[in-house]
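*Asks:* Fold the following and give me the result.
(one chain, ligands or ions: 2)
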Amino acid sequence: MTKIAPSILSADFANLKKDVEDVRLAGADYLHVDVMDGLFVPNISIGIPVVKSLRRATDMFLDVHLMIDRPHRYVKEFCQAGADLVVFHVEADQPQDIFAAISLIKEQGKKVGLSVKPRSPASVLVPYIHLLDLVLVMTVEPGFGGQSFMHDQLPKIEEIHNMLKDLNPSCELEVDGGVDPTTAPLVKAAGANVLVAGSAIFGKADRAAAIEAIRKA
Ligand code: DX5
Ligand code: ZN
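*Replies:* Residues are numbered from 1 along each chain as shown. Ligands and ions are numbered 1, 2, ... in the order given. Sure thing, here's the model as predicted:
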(Lines give C-alpha, C1' and ligand atoms only; values in the text may rest on other atoms or scores of the structure.)
(Ligands and ions follow the chains in the order given, each with its own letter.)
Protein backbone atom coordinates (compact mmCIF):
# COMPACT_ATOMS: atom_id res chain seq x y z
CA MET A 1 0.00 0.00 0.00
CA THR A 2 1.32 3.41 -0.97
CA LYS A 3 2.13 5.78 1.87
CA ILE A 4 1.42 9.49 1.52
CA ALA A 5 3.69 12.07 3.14
CA PRO A 6 2.33 15.64 2.94
CA SER A 7 5.15 18.20 2.90
CA ILE A 8 4.48 21.09 5.27
CA LEU A 9 6.61 23.36 3.09
CA SER A 10 3.33 24.21 1.34
CA ALA A 11 1.32 24.50 4.59
CA ASP A 12 0.40 27.77 6.29
CA PHE A 13 3.12 28.13 8.94
CA ALA A 14 0.94 30.52 10.95
CA ASN A 15 -1.70 27.78 11.17
CA LEU A 16 0.59 24.79 11.17
CA LYS A 17 -1.20 22.83 13.91
CA LYS A 18 -4.49 23.03 12.02
CA ASP A 19 -2.91 22.03 8.72
CA VAL A 20 -1.14 19.06 10.36
CA GLU A 21 -4.36 17.96 12.04
CA ASP A 22 -6.13 18.21 8.68
CA VAL A 23 -3.78 15.78 6.97
CA ARG A 24 -3.63 13.46 10.01
CA LEU A 25 -7.42 13.15 10.00
CA ALA A 26 -7.31 12.70 6.23
CA GLY A 27 -5.22 9.55 6.72
CA ALA A 28 -1.73 10.78 5.77
CA ASP A 29 0.93 8.25 6.74
CA TYR A 30 3.99 10.44 7.35
CA LEU A 31 4.42 14.18 7.92
CA HIS A 32 7.26 15.39 5.67
CA VAL A 33 9.28 18.23 7.20
CA ASP A 34 11.67 20.07 4.85
CA VAL A 35 14.70 21.64 6.53
CA MET A 36 16.78 24.03 4.38
CA ASP A 37 19.87 25.97 5.33
CA GLY A 38 20.38 28.42 2.43
CA LEU A 39 23.68 26.69 1.67
CA PHE A 40 22.99 23.17 0.42
CA VAL A 41 19.90 24.59 -1.30
CA PRO A 42 19.15 28.19 -2.28
CA ASN A 43 16.34 28.61 0.26
CA ILE A 44 15.82 28.69 4.04
CA SER A 45 12.86 27.02 5.72
CA ILE A 46 12.60 25.69 9.27
CA GLY A 47 14.74 23.85 11.80
CA ILE A 48 15.06 22.13 15.16
CA PRO A 49 12.61 24.28 17.21
CA VAL A 50 9.79 23.62 14.73
CA VAL A 51 10.43 19.85 14.83
CA LYS A 52 10.27 20.06 18.66
CA SER A 53 6.96 21.92 18.52
CA LEU A 54 5.53 19.50 15.96
CA ARG A 55 6.52 16.60 18.20
CA ARG A 56 4.46 18.12 21.03
CA ALA A 57 1.54 18.90 18.71
CA THR A 58 1.04 15.57 16.93
CA ASP A 59 1.66 11.84 17.14
CA MET A 60 2.20 11.63 13.37
CA PHE A 61 5.35 9.94 12.07
CA LEU A 62 7.80 12.81 11.45
CA ASP A 63 9.79 12.30 8.24
CA VAL A 64 12.47 15.00 8.46
CA HIS A 65 14.20 15.80 5.15
CA LEU A 66 17.44 17.65 5.79
CA MET A 67 18.60 19.77 2.87
CA ILE A 68 21.58 21.11 4.79
CA ASP A 69 25.34 21.14 4.34
CA ARG A 70 27.35 18.61 6.40
CA PRO A 71 24.29 17.08 8.08
CA HIS A 72 26.36 14.92 10.47
CA ARG A 73 26.69 18.07 12.60
CA TYR A 74 22.95 18.17 13.35
CA VAL A 75 21.36 14.73 12.90
CA LYS A 76 21.50 13.90 16.64
CA GLU A 77 19.69 17.12 17.52
CA PHE A 78 16.95 16.42 14.99
CA CYS A 79 16.50 12.95 16.50
CA GLN A 80 16.30 14.43 19.99
CA ALA A 81 13.85 17.07 18.77
CA GLY A 82 11.45 14.24 17.90
CA ALA A 83 12.06 13.12 14.31
CA ASP A 84 11.04 9.50 13.66
CA LEU A 85 13.01 9.32 10.42
CA VAL A 86 15.95 11.54 9.50
CA VAL A 87 16.77 11.74 5.78
CA PHE A 88 19.85 13.61 4.60
CA HIS A 89 21.58 14.10 1.25
CA VAL A 90 24.38 11.88 0.03
CA GLU A 91 25.83 14.94 -1.76
CA ALA A 92 26.03 16.97 1.46
CA ASP A 93 28.80 15.19 3.37
CA GLN A 94 32.03 13.21 3.00
CA PRO A 95 31.73 9.39 3.04
CA GLN A 96 33.16 8.99 6.55
CA ASP A 97 30.73 11.61 7.86
CA ILE A 98 27.81 9.92 6.07
CA PHE A 99 28.65 6.68 7.88
CA ALA A 100 28.98 8.64 11.14
CA ALA A 101 25.60 10.33 10.62
CA ILE A 102 23.89 7.00 9.88
CA SER A 103 25.32 5.57 13.12
CA LEU A 104 24.30 8.64 15.15
CA ILE A 105 20.70 8.35 13.93
CA LYS A 106 20.54 4.60 14.63
CA GLU A 107 22.03 5.10 18.11
CA GLN A 108 19.12 7.42 18.85
CA GLY A 109 16.72 4.61 17.92
CA LYS A 110 15.45 6.47 14.85
CA LYS A 111 15.06 5.48 11.21
CA VAL A 112 17.59 6.73 8.69
CA GLY A 113 17.27 7.67 5.04
CA LEU A 114 19.56 8.96 2.31
CA SER A 115 18.41 11.26 -0.47
CA VAL A 116 19.73 11.76 -4.00
CA LYS A 117 19.44 14.93 -6.07
CA PRO A 118 18.32 14.63 -9.72
CA ARG A 119 21.84 14.75 -11.12
CA SER A 120 23.26 12.06 -8.81
CA PRO A 121 23.30 8.52 -10.21
CA ALA A 122 21.84 5.59 -8.27
CA SER A 123 25.35 4.20 -7.81
CA VAL A 124 26.24 6.85 -5.18
CA LEU A 125 23.98 4.95 -2.76
CA VAL A 126 25.79 1.62 -3.06
CA PRO A 127 28.20 1.97 -0.09
CA TYR A 128 25.34 2.81 2.30
CA ILE A 129 22.31 1.00 0.92
CA HIS A 130 22.41 -1.98 3.33
CA LEU A 131 22.28 0.43 6.31
CA LEU A 132 19.19 2.38 5.29
CA ASP A 133 15.49 2.31 6.21
CA LEU A 134 14.55 4.57 3.29
CA VAL A 135 15.92 6.05 0.07
CA LEU A 136 14.50 9.39 -1.09
CA VAL A 137 14.72 10.22 -4.79
CA MET A 138 14.25 13.91 -5.64
CA THR A 139 12.19 14.50 -8.75
CA VAL A 140 12.83 18.27 -8.66
CA GLU A 141 15.97 20.21 -7.77
CA PRO A 142 15.59 20.51 -3.98
CA GLY A 143 14.82 23.92 -2.50
CA PHE A 144 11.29 24.87 -3.47
CA GLY A 145 7.78 23.47 -3.54
CA GLY A 146 5.52 23.68 -6.58
CA GLN A 147 8.08 22.76 -9.25
CA SER A 148 7.40 20.47 -12.21
CA PHE A 149 8.08 16.76 -11.93
CA MET A 150 11.25 15.63 -13.75
CA HIS A 151 10.20 12.64 -15.85
CA ASP A 152 13.84 11.82 -16.59
CA GLN A 153 14.16 10.56 -12.99
CA LEU A 154 11.80 7.62 -13.55
CA PRO A 155 14.49 5.18 -14.80
CA LYS A 156 16.59 6.01 -11.72
CA ILE A 157 13.66 5.25 -9.40
CA GLU A 158 13.28 1.88 -11.11
CA GLU A 159 17.02 1.23 -10.90
CA ILE A 160 17.06 1.97 -7.16
CA HIS A 161 13.93 -0.17 -6.68
CA ASN A 162 15.79 -3.08 -8.29
CA MET A 163 18.92 -2.43 -6.21
CA LEU A 164 16.79 -2.50 -3.05
CA LYS A 165 15.10 -5.76 -4.06
CA ASP A 166 18.54 -7.37 -4.14
CA LEU A 167 20.39 -5.60 -1.35
CA ASN A 168 17.82 -4.34 1.19
CA PRO A 169 14.27 -5.51 0.46
CA SER A 170 12.69 -3.91 3.55
CA CYS A 171 14.03 -0.45 2.70
CA GLU A 172 11.34 2.04 1.67
CA LEU A 173 11.57 4.08 -1.54
CA GLU A 174 10.27 7.64 -1.29
CA VAL A 175 9.85 10.17 -4.09
CA ASP A 176 9.69 13.94 -3.54
CA GLY A 177 8.95 16.77 -5.96
CA GLY A 178 6.09 17.47 -8.33
CA VAL A 179 4.03 14.49 -7.18
CA ASP A 180 0.31 14.90 -7.96
CA PRO A 181 -2.50 12.65 -9.23
CA THR A 182 -0.97 12.73 -12.73
CA THR A 183 2.62 11.83 -11.79
CA ALA A 184 1.82 9.50 -8.85
CA PRO A 185 1.01 6.47 -11.06
CA LEU A 186 4.37 6.87 -12.81
CA VAL A 187 6.43 6.81 -9.61
CA LYS A 188 4.37 3.94 -8.20
CA ALA A 189 4.93 1.94 -11.38
CA ALA A 190 8.66 2.63 -11.04
CA GLY A 191 8.60 1.10 -7.54
CA ALA A 192 8.16 3.98 -5.08
CA ASN A 193 6.05 3.23 -2.00
CA VAL A 194 6.19 6.60 -0.14
CA LEU A 195 4.97 9.66 -2.04
CA VAL A 196 5.74 13.17 -0.77
CA ALA A 197 3.39 15.91 -1.93
CA GLY A 198 3.33 19.55 -0.87
CA SER A 199 1.40 21.81 -3.20
CA ALA A 200 -0.83 18.96 -4.46
CA ILE A 201 -2.15 18.52 -0.89
CA PHE A 202 -1.79 21.79 1.04
CA GLY A 203 -2.66 23.79 -2.08
CA LYS A 204 -6.12 22.20 -2.09
CA ALA A 205 -9.01 23.12 0.16
CA ASP A 206 -10.07 19.47 0.61
CA ARG A 207 -6.92 17.75 1.87
CA ALA A 208 -8.64 14.38 2.31
CA ALA A 209 -9.73 14.36 -1.33
CA ALA A 210 -6.25 15.47 -2.42
CA ILE A 211 -4.59 12.63 -0.47
CA GLU A 212 -7.04 10.04 -1.82
CA ALA A 213 -6.55 11.31 -5.36
CA ILE A 214 -2.78 10.67 -5.06
CA ARG A 215 -3.14 7.38 -3.21
CA LYS A 216 -5.66 5.92 -5.67
CA ALA A 217 -4.03 7.35 -8.80
C1 DX5 B 1 11.58 20.44 -2.18
C2 DX5 B 1 11.08 19.69 -0.98
C3 DX5 B 1 9.77 19.03 -1.21
C4 DX5 B 1 8.66 19.99 -1.55
C5 DX5 B 1 7.76 19.27 -2.52
O6 DX5 B 1 12.92 20.70 -2.06
O7 DX5 B 1 11.99 18.68 -0.57
O8 DX5 B 1 9.40 18.20 -0.12
O9 DX5 B 1 7.89 20.43 -0.47
O10 DX5 B 1 6.80 20.15 -2.96
P11 DX5 B 1 5.85 19.81 -4.18
O12 DX5 B 1 5.11 18.56 -3.81
O13 DX5 B 1 4.98 21.01 -4.26
O14 DX5 B 1 6.73 19.61 -5.38
ZN1 ZN C 1 11.28 17.13 0.91
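*Asks:* Please give me every residue in contact with Ser115.
*Replies:* Each residue near Ser115 by C-beta atoms under 8 Å, 6 or more residues apart in numbering is listed here: His65, Val87, Phe88, His89, Val90, Val135, Leu136, Val137, Met138, Pro142, Asp176. (Glycine included, C-beta is placed from N, CA and C.)
*Asks:* nearest residue to it other than its sequence neighbours?
*Replies:* Leu136 (3.8 Å; C-beta to C-beta, 6 or more residues apart in numbering).
*Asks:* Figure out how far the helix or strand that contains the one you found is from the centre of its chain.
*Replies:* Using DSSP states H and E, Leu136 sits within strand 134-138. Relative to the centre of its chain, strand 134-138 is centred 7 Å away, using C-alpha atoms, centre = their mean, to the nearest Å.
*Asks:* and for it, what are the contacting residues?
*Replies:* Contacts for strand 134-138 (C-beta under 8 Å, 6+ apart): 65, 85, 87, 111-118, 125, 129, 153, 156-157, 160, 164, 171-177, 192, 194, 196.
*Asks:* how about 7 Å then?
*Replies:* Residues outside strand 134-138 that contact it (C-beta atoms under 7 Å, 6 or more residues apart in numbering): 65, 85, 87, 111, 113-118, 125, 153, 156-157, 160, 164, 171-177.
*Asks:* go on, stretch 35-53?
*Replies:* So stretch 35-53 is contacted by 9, 33-34, 62, 64-69, 77-78, 81-83, 89, 92, 142-144 (C-beta under 7 Å, 6+ apart).
*Asks:* tell me the mean pLDDT for it?
*Replies:* Here stretch 35-53 scores 98 as its mean pLDDT.
*Asks:* gap between that stretch and the chain center?
*Replies:* Counting by C-alpha atoms, centre = their mean, stretch 35-53 comes out at 14 Å from the chain centroid.
*Asks:* Quick check: buried residues in that stretch?
*Replies:* Val35, Met36, Asp37, Phe40, Val41, Ser45, Ile46, Gly47, Ile48, Val50, Val51, Lys52 (16 or more other C-beta atoms under 10 Å).
*Asks:* That stretch near ligand 1 at all?
*Replies:* No: residues of stretch 35-53 contacting ligand 1 under C-beta under 6 Å from any ligand atom: none, with a closest distance of 6.5 Å.
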